[in-house]
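> Task: produce atomic coordinates for the following.
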Amino acid sequence: VGKATTEQKQIVAKLQRLQDLLLSMDLDFQMQLARLRQIREIIRRLEKAIKEEERERDLSEKIAERQERGKALQKRLASREELIKRQTAHIDEAKTLAKVEQLSAADREATGKLVDDQENTRSATVELAEEKSQAGTASKNLADASSNMEKAVAQLKEEEHNAAQSPQQEALAALERELD
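Numbering: from 1, shown residues only. Prediction:
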């Protein structure tokens, strides 16, 4: 589009020079007027074509920009959905561990993994909140979810699986509100 616009502008310049030449030659006056009208008509058409191409280029740029924003939005939506899946899995794991009366070595290992996984989910939530904040749309729901996940991690570190479920549920609810 840019190259075509440049070429059209060059053609307009050449036609202008031709017009100047025609006006300076000793041709039949009527013929000069006819050619002049033709040149002016060609120039008018080319100017319209140039304006149309510039409009199309601007429109293409706007469409490309909107597509990029759409991709970014889709990525954030997928991130939130992934966080909800992960948080739901953490809750299920905590419920399973809460049912155990005496923790075995394997249960303690599972608790350690759950602590790490919950912390990773909290970190991902904080990152998403920072991205939204940088984009100018801070999210209270993501901040609430992160805060509750932090409380859950503290409870899980103490092997308080029942106590950890409440902040985990609150974190999940905040993430779900973020989707709305």
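> give me the element the residue most central in space within the chain is part of.
The centre of the chain sits closest to residue 72, judged by C-alpha atoms, centre = their mean, with a distance of 1.9 Å. Secondary structure assigned from DSSP states H and E places residue 72 in helix 29-98.
> tell me how far that helix is from the chain's mean position?
Using C-alpha atoms, centre = their mean, to the nearest Å, the distance from the centre of helix 29-98 to the centre of the chain it belongs to is 12 Å.
> list the helices and strands it packs on?
The contact analysis (3 or more C-beta pairs under 8 Å, 6 or more residues apart in numbering; DSSP states H and E) places helix 29-98 against helix 2-24, helix 105-134, helix 140-157, helix 161-179. Glycine gets a C-beta too; all of them are placed from N, C-alpha and C.
> what packs against the lowest-mean-pLDDT helix or strand in the chain?
Of the helices and strands making up the chain, the lowest-confidence element is helix 2-24, at a mean of 79, by mean pLDDT, DSSP states H and E. Applying 3+ C-beta pairs under 8 Å, 6+ apart, one finds that helix 2-24 makes contact with helix 29-98.
> Any regions of this structure where pLDDT drops low?
Low-confidence segments of the chain (pLDDT under 70): 1, 22-30, 70, 73-78.
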